[in-house]
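Engineer: Predicted model, plus sequence, below.
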Amino acid sequence: MTFTGDTGLAAEIAALVNRVYAAAEEGLWLDGAARTGEAEVADLIDAGQIAVVRPDDRVVGAVRIQQLDDRLGEFGMLVAAPEERGTGVGRKLVSFAEQWGRDRGLSHMQLELLVPRTWKHPVKEFLRGWYTRIGYQVVRTGDLGEDYPSLVPRLACPCDFLVFHKTL
């Protein structure tokens, strides 16, 4: 896996992200709401923030990685193609993001997990457990309305997000 500079992959990456998130966030968004678009992904590629797993010229996993400040990195938009689940693609992408942070002298890595406020989403509960098992801990619960107000009208139910940190 590696960072990609090929904006020609933006449509393929956006399609993968939207396909994975449609299932992983079912019930959280109003019908027709997409997680991302080709233009946003192209901008992230241009910014050097998208890493991909691409055997056989097909994107089977991707993650956005960025530096938030002088000690904190963040990864998000983590996806593995459904047919690749259980093969370690997700774990490899997280390890890649963490190593990227270590290589820059960062002390912590952060991720955010969108969760419904009034019910338990099975995929979100699975992810919460998975992130905890690989060393991430919830450091706070964020209010989507305060931090991402433009997303609130697209939600099908009230949601918050869990902010996880891991010491690198």
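Structural biologist: Cool, the structure landed. Everything numeric in this text was worked out from a predicted model, so none of it was measured. Numbering: from 1, shown residues only.

Engineer: List the buried residues in the least confident helix or strand in the chain by mean pLDDT.
Structural biologist: Lowest mean confidence among the helices and strands of the chain (mean pLDDT, DSSP states H and E): helix 144-147, at a mean of 88. Buried residues in helix 144-147, defined by neighbour count with 16 or more other Cβ atoms under 10 Å: residue 144. Where C-beta positions appear, they are placed from N, C-alpha and C, glycine not excepted.

Engineer: Can you name the element that comes right after that helix?
Structural biologist: Downstream of helix 144-147, the next assigned helix or strand under DSSP states H and E is strand 159-167.

Engineer: before we move on, back to that, who's in contact with the least confident helix or strand of the chain?
Structural biologist: 114, 151-152, 155, 159-161 (Cβ atoms under 8 Å, 6 or more residues apart in numbering).

Engineer: Please tabulate those residues in a markdown table, including the columns pLDDT, neighbour count and distance to residue 90.
Structural biologist: Converted to a markdown table, the contacts of helix 144-147 look like this (pLDDT from 0 to 100; neighbours: other Cβ atoms under 10 Å; distance: Cβ to Cβ, whole Å):
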| residue | pLDDT | neighbour count | distance to residue 90 |
| --- | --- | --- | --- |
| 114 | 95 | 22 | 17 |
| 151 | 86 | 15 | 23 |
| 152 | 89 | 13 | 28 |
| 155 | 92 | 18 | 25 |
| 159 | 93 | 23 | 22 |
| 160 | 92 | 18 | 23 |
| 161 | 94 | 18 | 19 |
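
Engineer: Please convert these to CSV, extending it with distance to residue 98.
Structural biologist: Converted to CSV, the contacts of helix 144-147 look like this (distance: Cβ to Cβ, whole Å):
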residue, distance to residue 98
114, 21
151, 27
152, 31
155, 30
159, 26
160, 25
161, 20
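
Engineer: Which member of those residues is positioned nearest residue 79?
Structural biologist: Distance to residue 79, by Cβ to Cβ, is smallest for residue 114 among those, at 14.1 Å.

Engineer: Wait, that closest one touches residue 124, no?
Structural biologist: Yes. Using Cβ atoms under 8 Å, residue 114 is in contact with residue 124, at 7.3 Å.

Engineer: Identify the contacts common to those two.
Structural biologist: Counting by Cβ under 8 Å, 6+ apart, the shared contacts of residue 114 and residue 124 are residue 25.

Engineer: Tally up the residues packed near residue 47, please.
Structural biologist: Using other Cβ atoms under 10 Å, residue 47 has 10 neighbouring residues.

Engineer: Excluding chain neighbours, what is closest to it?
Structural biologist: Nearest in space to residue 47, with sequence neighbours left out and distances taken as Cβ to Cβ, 6 or more residues apart in numbering, is residue 66 at 7.9 Å.
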